[in-house]
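Asks: sequence? don't have it. structure:
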């Protein structure tokens, strides 16, 4: 199996571990990730809110390159990239004005895109292409007894819900259940917002949201929170000290990219998964699951 | 073909048609069409002066055919055909051209609408010379009426009809009549005790000699037609001889299977396998639940119920019984079901304790309910604060788009009951809009504001069990945006009542198909006309009342039940009724006797005549649906008023402009 792969900007900065662990996990599953040539930033949510049409064009450039590379699917790991690229497809399909404008912009740089590259979240590929049964067969380090709180964030299945339920996504629950974990399926905070980019502009608001999420995780006795988005992961993990300062709490909950934990279960080397790069130590997680 | 003189009338329908269609142009065009002797436009053709135009033209111009270009024939065809008949023309020589629903209402461009109106009208002008006079058939009417559903709507309709001396069959699916109203404690806004006003009516229905009560029974098949329905009813086995049982309830106490969730208490209490749903049940007879009874499920049981029963009423050999009844009219009063809030996962119904539905609260607050009327949480403690969330499943594009109409008021009633029982308890109502539209309702709302209830304008976002402070810990947290204050709030409460909307019964569609009428897009029974015939259905002789038509409160339900009873009475009080003449006929000379149409007819209106070796239509039973016409390989069955040549003429007329 082989997928064209779009890492996204975070993968080269705060989300390096997400990129590394995605590659390592997929390698263990026998899936080859072929990086998209000369990809650019998807524009994320920020650019969309100021210059919508331009952001469609820059997102579509990536899809145009995928088309040039002869692929009709593009694997994406970041929730924001996923939503942005998929939204571009949808708007191009539904609004002829957007379609023409994007074509015009791409034409100016000698490219074109006809709207047929399907944007696939890596979780979608794991669940629907590879399948939990096949994944379960490859597990070498079962996550028995580990209380995992899957955190999906806002943009995982919303607004489109193309591969999971809009309100109550469960794909990561199923993935980690197949790996033997004690998944906290009743973790209702799993789609609550982490604050996103607000952490840079309205830190108080974002810290409040992170605080709520961490309280919920502690109440449900989570050993580890797993995330599917670089921004969610950074806010929930990296800002725990600031949450503690603002709210007088003592959170020290391991937060991992879901690919790191899944990679561990599939027998990947913790170093390759960049687990040692986490801000909150994952030693307790590693200790809880026998190698 | 003799020279025909066609009169054409184009209705403005105020601006409904004339606002889009150039009626003057259509009139001018029509006057130039073949056979057209008179072409007129008029503001409201359905008015008396409009109808008089038709009569005058028949008298003065010797009109032989007429077409009215106006609204849908389902709206006013009977009106204009009657006018033509009054003027001396056979009613079936008048056609309708629908230039409102099919044209002006659905066409944006005025010129296009005018063109389309010409084509729709042209079709009818072209087919009219082929119309032949028809005579409606007159059939006798059975004076009995069936009422399906024994809630307040069905009871009221049955009592009204019985009072006029008509025989009424009251069919109820459950072991007792009473419906949802029997579950309520109080009724808004007067706070009458529901039992005090309902049970006398239930009891009266049980004692009324003109009412034959068929409780624990379901309609399985309906044949026939207006005035002459044949209804098959399955009387489910109670495993109790209803004539011997005295309703003493000793069997229910003796029964060893004691943990069956009690449907009447919304599962909040347990009943036995032998049970009487509630103490005021009518008929007051026991029922043995065949899915739970040990004997009936093939397990061992010493049958203490048999020993306990003095009159020896228990009969494990009893079987379901199917009976056939003949009635002239049917009133559907099958009610609603509460919208199940489980899919609205953010409210955690079924997941968190003390998140309950409105119907569960009705039982909790009811003196004869599972808590004896004490408003308590699952742990038996009274709640210190309660949140009532409005519009659960209602006014929500994800679930039911409509407003369920009664939830604002029953929520206010709940607030009052909580404040009355527990004056120190804080009550929060999270609402979108307060809809208190009925008599005395707004006044009730104002009264509740003075009773200290907190009204928060905002649809609740979530019910969570994650507390962020010592005040919140261990409680239910309602997250809501207070749109009047412009802030989000977290309300720590001990009980959350979900004011669920009213939903159509899950089998409403299947039921409507048994009886042969339709449902609206929202799933409730479809009335013939939303304003002028709200209790009739598209099937003559079948009426609807209560929440099976749309959510409504008790006063509206009772009023509608009366209207349905009057509609049924106006039919069955006559000796005969006229049925449509536009039915199928089969030429025995041409029919090969292949039987195909006999099996296909949905109204069993075709029988095979051995002597003639041909199928024949039972005229009174035929509803003119056209199935046989379309199905016959040889094209033998033809439908009067819709002959092949008439349809082809319409097509030619529509294309000829």
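Replies: Structure's in. What do you need? Note that the coordinates shown come from a computational prediction; the quantities given were computed from them, not determined experimentally.

Asks: residues near residue B:30, how many?
Replies: For residue B:30, the neighbour count with other Cβ atoms under 10 Å in any protein chain shown is 26. Backbone N, C-alpha and C define where each C-beta goes, glycine included.

Asks: which residues are in contact with the host helix or strand of it?
Replies: Secondary structure from DSSP states H and E places residue B:30 in helix B:23-31. With Cβ atoms under 8 Å, 6 or more residues apart in numbering or on different chains as the contact definition, helix B:23-31 has outside contacts at B:8, B:10, B:12, B:17, B:36, B:38-41, B:69, B:99, B:114, B:117-118, B:121, B:125.

Asks: Just the buried positions in it, please.
Replies: By 16 or more other Cβ atoms under 10 Å in any protein chain shown, the buried positions in helix B:23-31 come out as B:23, B:25-27, B:29-30.

Asks: Contact residues of the stretch 51-200 of chain A facing chain B?
Replies: Taking Cβ under 8 Å from any Cβ of the partner chain as the criterion, the neighbours of chain B within the stretch 51-200 of chain A are A:167-168, A:186, A:188-189.

Asks: coming back round to it: got a ChimeraX select line for the buried ones in the contacts of helix B:23-31?
Replies: Selection of buried members from the contacts of helix B:23-31 for ChimeraX, criterion 16+ other Cβ under 10 Å:
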select /B:8,10,12,17,36,38,39,40,41,69,99,114,117,118,121,125
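
Asks: which of the contacts of helix B:23-31 sit farthest apart?
Replies: B:38 and B:114 (20.4 Å; Cβ to Cβ).

Asks: pLDDT score for residue B:657?
Replies: At residue B:657, the pLDDT value in this model is 55.

Asks: Repeat that for residue B:2.
Replies: 59.

Asks: same check, this time on residue B:624
Replies: pLDDT, residue B:624: 89.

Asks: burial measure for residue 91, as a count.
Replies: Assuming you mean chain A. Counted with other Cβ under 10 Å, the neighbours of residue A:91 add up to 19.

Asks: Oops, wrong one, chain B.
Replies: 20.

Asks: mind listing what the closest residue to it other than its chain neighbours touches?
Replies: For residue B:91, ignoring the flanking residues on the chain, the nearest one in space by Cβ to Cβ, 6 or more residues apart in numbering or on different chains is residue B:81 at 3.7 Å. Residue B:81 makes contacts with B:91-92, B:94, as judged by Cβ under 8 Å, 6+ apart.

Asks: Which strand or helix spans residue A:225?
Replies: Going by DSSP H and E, residue A:225 is part of strand A:224-227.

Asks: List the strands paired with that strand, with their directions.
Replies: Applying DSSP bridges to the sheet, strand A:224-227 is found paired with strand A:147-151 (parallel), strand A:255-257 (parallel).

Asks: What are the contacting residues of the next helix-or-strand element following that strand?
Replies: Next along the chain after strand A:224-227, taking DSSP H and E as the criterion, comes helix A:230-233. For helix A:230-233, contacts defined as Cβ under 8 Å, 6+ apart pick out A:8, A:10-11, A:14-15, A:18, A:78-80, A:151, A:153, A:194, A:196-197, A:227, A:255-257.

Asks: Which of those fall within strands?
Replies: Using DSSP state E, the subset of the contacts of helix A:230-233 located in strands is A:151, A:227, A:255-257.

Asks: can I get those residues in TSV with neighbour count and pLDDT?
Replies: Compiled in TSV, the ones in strands among the contacts of helix A:230-233 are given as follows (neighbours: other Cβ atoms under 10 Å in any protein chain shown; pLDDT from 0 to 100):
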residue	neighbour count	pLDDT
A:151	27	98
A:227	28	97
A:255	28	98
A:256	27	98
A:257	29	98
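
Asks: if we can go back for a sec, hmm, which two among the residues of the stretch 51-200 of chain A next to chain B are most spread apart?
Replies: Farthest pair in those, by Cβ to Cβ: A:167 and A:186, 14.1 Å.

Asks: if I look at residue A:218, how far off is chain B?
Replies: Plainly put, residue A:218 is 9 Å away from chain B if you go by Cβ to the nearest Cβ, to the nearest Å.

Asks: What residues of stretch B:386-399 count as buried?
Replies: So stretch B:386-399, judged by 16+ other Cβ under 10 Å, has buried residues B:386-396, B:399.

Asks: between those residues, which is nearest residue A:177?
Replies: residue B:399 (28.9 Å).

Asks: Now do the contacts for residue A:228.
Replies: When contacts are counted by Cβ under 8 Å, 6+ apart, residue A:228 touches A:77, A:79, A:121-123, A:151-153, A:156, A:172, A:257-258.

Asks: switch to 10 Å and redo it
Replies: Residue A:228 makes contacts with A:18, A:77-79, A:82, A:121-123, A:150-153, A:155-156, A:169, A:171-172, A:257-259, as judged by Cβ atoms under 10 Å, 6 or more residues apart in numbering or on different chains.

Asks: Skip the chain neighbours and tell me the closest residue to it.
Replies: residue A:258 (5.4 Å).

Asks: For burial, what's the neighbour tally of that neighbour?
Replies: 29.

Asks: Does it touch residue A:227 like I think?
Replies: Yes - Residue A:258 lies in contact with residue A:227 (Cβ atoms under 10 Å); the separation is 6.6 Å.

Asks: how near is the residue in the stretch 1-150 of chain A that chain B sits nearest to to residue A:256?
Replies: Nearest residue of the stretch 1-150 of chain A to chain B, counting by Cβ to the nearest Cβ: residue A:149, 11.8 Å away. Residue A:149 is 11 Å from residue A:256, where distance means Cβ to Cβ, to the nearest Å.

Asks: shared neighbours of the two, anything?
Replies: A:224-227.

Asks: Tell me which residues touch residue B:284, please.
Replies: Counting by Cβ under 10 Å, 6+ apart, residue B:284 makes contact with B:176, B:202-203, B:206, B:245-249, B:276, B:278.

Asks: Look at it and give its secondary structure.
Replies: Classification of residue B:284 by DSSP: H, G, I helix; E, B strand; the rest coil places it in coil.

Asks: Need phi/psi at the nearest residue to residue A:234 once chain neighbours are set aside.
Replies: Leaving aside its sequence neighbours, residue A:234 sits nearest to residue A:14 (Cβ to Cβ, 6+ apart; 5.1 Å). With angles defined as degrees, to the nearest 10, residue A:14 sits at phi -70, psi -20.

Asks: Tell me the pLDDT of residue A:14.
Replies: The model's pLDDT for residue A:14 equals 92.

Asks: can you pull the contacts of it?
Replies: A:230-231, A:233-234, A:238.

Asks: now do 8 Å
Replies: So residue A:14 contacts A:230, A:234, A:238 (Cβ under 8 Å, 6+ apart).

Asks: Next: residue B:183.
Replies: Residue B:183 touches B:194, B:264, B:266, B:359, B:362-363, B:366, counting by Cβ under 8 Å, 6+ apart.

Asks: 10 Å - rerun?
Replies: Per Cβ under 10 Å, 6+ apart, neighbours of residue B:183: B:194-195, B:263-266, B:277-278, B:359-360, B:362-363, B:366, B:368-369.

Asks: Buried members of those residues into PyMOL, please.
Replies: Only the buried entries of those go into this PyMOL selection, using 16+ other Cβ under 10 Å:
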select buried, chain B and resi 194+195+264+265+266+277+278+359+360+362+363+366+368+369
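
Asks: Just the closest of the contacts of residue B:183 to chain A, please.
Replies: Distances from chain A to these, taken by Cβ to the nearest Cβ, are shortest for residue B:360, at 21.5 Å.

Asks: Closest approach to chain B from chain A, which residue is it?
Replies: Distances between chain A and chain B by Cβ to the nearest Cβ are smallest at residue A:216, namely 4.2 Å.

Asks: Check which helix or strand residue 21 maps to.
Replies: Reading this off chain A. helix A:16-28.

Asks: Does the helix or strand following that helix pack against any helices or strands, and if so which?
Replies: Per DSSP H and E, the first helix or strand lying C-terminal to helix A:16-28 is strand A:32-35. Contacts defined by 3 or more Cβ pairs under 10 Å, 6 or more residues apart in numbering or on different chains; DSSP states H and E place strand A:32-35 against strand A:2-6, helix A:16-28.
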